[in-house]
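Novice: sequence first, then the predicted structure:
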Amino acid sequence: MPAIVHGHAILEMLLAAQQPMTRETLAQAADEEFGPDARYHTCSAEEMQMDDLLRFLLDRRKVTEHNGYLTAHREEMCDHG
C-alpha cells in the first residue's frame, strides 16, 4: 500500500536540505523517504503524484524555481497539516 503523505513533508524536506534541490533531486529524496508509489495530499487536493504536487505548490507560490533550483517558502505554508 503506498504511503499517503501531506505536502508539508515535501516543503519541510526542501527547507531542511543542506544543498539546493532540483525537481529531480527532490523526487529522488521523496522516493527514498516515502517510496516511489507514495501519494501526496494537501489541505485542498488529494491523490497526487510528485509531479502533480510540485505543480500545485509552484502554482500557489509555496515553492518557487530559479535556475532549476527549488525554494520552499515557509511563510506561504498553512499552519496545519
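Specialist: Right, received. Where do you want to start?
Novice: C-alpha from now on. contacts and neighbour counts both.
Specialist: Fine.
Novice: point out where this structure drops to low pLDDT.
Specialist: Counting by pLDDT under 70, the chain shows low-confidence ranges at 80-81.
Novice: same thing but at 90, please
Specialist: Scanning the chain with the threshold set as pLDDT under 90 gives 1, 43, 74-81.
Novice: can you tell me the helix or strand for the spatially most central residue of it?
Specialist: The chain has residue 10 as the residue nearest its centroid, 3.3 Å off, counting by C-alpha atoms, centre = their mean. Per DSSP states H and E, residue 10 falls inside helix 7-16.
Novice: equivalent analysis for residue 30, please.
Specialist: Following DSSP H and E, one finds residue 30 within helix 23-34.
Novice: so how far is the helix or strand following that helix off the chain centroid?
Specialist: From helix 23-34 onward toward the C-terminus, using DSSP H and E, the following helix or strand is strand 39-41. Distance, stretch centre to chain centre, for strand 39-41: 9 Å (C-alpha atoms, centre = their mean, to the nearest Å).
Novice: show me what strand 39-41 is packed up against.
Specialist: Judged by 3 or more C-alpha pairs under 8 Å, 6 or more residues apart in numbering; DSSP states H and E, strand 39-41 is in contact with strand 4-6, helix 50-59.
Novice: go with 10 Å
Specialist: The contact analysis (3 or more C-alpha pairs under 10 Å, 6 or more residues apart in numbering; DSSP states H and E) places strand 39-41 against strand 4-6, helix 7-16, helix 50-59.
Novice: can you add distance to residue 70 and give those back as CSV?
Specialist: Below are these laid out as CSV (distance: least, C-alpha to C-alpha, whole Å):
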stretch, distance to residue 70
strand 4-6, 18
helix 7-16, 8
helix 50-59, 9
